[in-house]
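*Asks:* Just the structure for this:
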Amino acid sequence: MIFKGEVDQVEFAQYFSGCDVNMTLSLHSGEDFGYSVAQGLASGAPSIVSRWGGGLDFSINSGGAIGIPVTVTGNGPQICVRSA
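*Replies:* Numbers count the residues shown, from 1 in each chain. From the prediction side, this is the model:
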């Protein structure tokens, strides 16, 4: 695995377009838009997201991403592992 660090937007789009899938299963409460999901979809990468925060909008509003259900328990939000 190689961590490239900061790259320009053209190179970034090339990485995304070369992906088999873009999986963003974030449960971070501050991820309100889902910028990485938008970048993956714009680059043509099939995207799997949590139905939470920004991912929720992309999975239910014809955004093109496949949404994985999230339930809220006493321990906070949990991704449905079976669905993922």
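*Asks:* Need the three-state assignment for Pro77.
*Replies:* Following DSSP: H, G, I helix; E, B strand; the rest coil, Pro77 is assigned to strand.
*Asks:* Now do the contacts for the residue nearest to Pro77 when sequence neighbours are not counted.
*Replies:* Leaving aside its chain neighbours, Pro77 sits nearest to Leu27 (4.6 Å; criterion: C-beta to C-beta, 6 or more residues apart in numbering). C-beta here means a position set from N, CA and C on the backbone, and glycine is covered the same way. Residues near Leu27 by C-beta atoms under 8 Å, 6 or more residues apart in numbering: 50, 52-53, 70, 76-79.
*Asks:* Quick check: the gap between Leu56 and Gly63.
*Replies:* 9 Å (C-beta to C-beta, to the nearest Å).
*Asks:* Look up phi and psi at the residue nearest to Pro77.
*Replies:* Note on Leu27: backbone dihedrals following degrees, to the nearest 10 are phi -120, psi 20.
*Asks:* Buried residues of the helix or strand of the chain with the lowest mean pLDDT, list them for me.
*Replies:* Least confident helix or strand, the chain: helix 53-60 with a mean of 82, by mean pLDDT, DSSP states H and E. Neighbour counts using 16 or more other C-beta atoms under 10 Å place 53-59 of helix 53-60 among the buried residues.
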